[in-house]
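1. sequence plus the predicted model coming up.
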Amino acid sequence: LNASGQFTNYYTAGGGINYAGTTLSRGELWGGPALLLPPVFNFSAYAETDSRKKIMFKVTTSHHTGQQHYYINHRYSLDITYKPINTLFITLAPGYTSGFTELQYVTETSYYGDPRYIMASIDKEIFDLSFRVNVSLTPELSIQYYAQPFIFAGEYYDYKRITSPRAEEFTDRFHTFESNEITYNEDWNAYFIDENKDGNNDYGFYKPDFHYQQYRSNMVLRWEYKTGSSLYLVWSQGRTNIAENGEMQFDQYMNELWETHPRNDFMLKISYLLVF
């Protein structure tokens with residue numbers, strides 16, 4: 001259900017609600033059996049100022065809540081668009097996302113030949129920023145630039161194994177390891193499981209906490225040197241880094257991102273219109 005409207009001052013606002021029923025997901029266990037997931041309720045809303053003005057603001061928020069507290073996701077974003085002249089268009093769009101998932105895939109292992117699908121709860125935070133500039137120097141010559149830094153941090157806890165993926169009750173679909181079943185080895189940076197509680201480790205897995213940083217940018221120069229014929233010069237830069245530690249440390253992770261060695265790609269495309 002969605003609704004939107006425009007006021008007499010040309011401001012707009014809208015919102016919506018969505019309900020997704022019980023889902024049989026075939027991807028949650030990465031090739032394992034399908035997993036039954038509870039319903040999810042979603043609410044979203046936005047407000048936008050007059051798009052005819054030189055500067056425009058848009059605020060957006062969305063909130064997802066899974067039944068039985070299995071999933072929560074909150075998203076907030078702000079879009080700022082500045083058009084000082086008709087030939088210059090600048091957009092800045094920061095965003096922040098935080099959330100929780102009860103069943104996040106960790107790994108698959110085995111216990112005396114039987115598969116074990118290891119899951120965990122995860123707290124996650126995401127910072128992202130989109131930046132765009134469009135400049136028309138002449139009707140035939142334009143420059144477009146796009147950049148997006150992205151930071152994700154995820155902390156895992158309450159490790160568990162899937163027991164009955166289609167059980168009627170959500171809590172019957174998994175077993176959370178008790179303190180006498182799971183131990184953490186700091187030297188190995190790994191968890192070990194004693195499933196039958198006989199004092200011997202039956203299987204283990206590495207601690208999955210991580211943070212992920214990425215930067216993507218593209219600059220495109222377009223020149224229509226002849227009617228119907230164009231030249232494109234493209235510069236693309238990317239930086240990607242992934243490391244341990246799932247606690248969000250924004251300043252440190254941004255510094256790590258800019259210190260990551262970039263990959264630069266340059267491309268040239270020329271099109272020519274043949275008229276017979």
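-> That came in fine, so what should we check first?
2. and the strands in the stretch 1-150 of the chain?
-> Counting by DSSP state E, counting those that start in this stretch, the segments of the stretch 1-150 of the chain that form strands are 2-6, 12-20, 23-25, 35-37, 40-48, 55-66, 71-85, 88-111, 114-138, 141-162.
3. who does the first one pair up with?
-> Within its sheet, and counting by DSSP bridges, strand 2-6 is paired with strand 12-20 (antiparallel).
4. and for the partner strand, what's in contact with it?
-> With contact meaning CB atoms under 8 Å, 6 or more residues apart in numbering, strand 12-20 is reached by 1-7, 39-48. The C-beta positions use only the backbone N, C-alpha and C, and glycine is treated the same way.
5. so residue 2 versus residue 89, what's the distance?
-> Here residue 2 is placed at a distance of 28 Å from residue 89 (CB to CB, to the nearest Å).
6. kindly report the same for residue 115.
-> Distance, residue 115 to residue 89, by CB to CB: 53 Å.
7. and if you look at residue 27?
-> To residue 89, residue 27 is 38 Å away according to CB to CB.
8. neighbour count: the two, which is higher?
-> residue 89 (16 against 10; other CB atoms under 10 Å).
9. the more buried one pairs with what?
-> As assigned using DSSP bridges, the partners bridged with residue 89 are residue 134.
10. pretty sure it sits against residue 134.
-> Yes. With contact defined as CB atoms under 8 Å, residue 89 reaches residue 134; the gap is 4.1 Å.
11. re the thing from before, of the strands of the stretch 1-150 of the chain, which stretch is the most buried?
-> Comparing the strands of the stretch 1-150 of the chain by mean neighbour count (mean count of other CB atoms under 10 Å), strand 35-37 comes out on top with a mean of 20.
12. list of residues touching that one?
-> So strand 35-37 is contacted by 22-25, 28-29, 66, 70-71, 103, 162, 165-167, 170, 173 (CB under 8 Å, 6+ apart).
13. again, only this time at 6 Å
-> 23, 24, 25, 28, 29, 165, 166 (CB atoms under 6 Å, 6 or more residues apart in numbering).
14. quick check, the fifth one in contact with residue 119.
-> Pointing back at residue 29 there. No. At 8.3 Å, residue 29 does not count as touching residue 119 under the criterion of CB atoms under 6 Å.
15. that's all I had, so thanks and see you.
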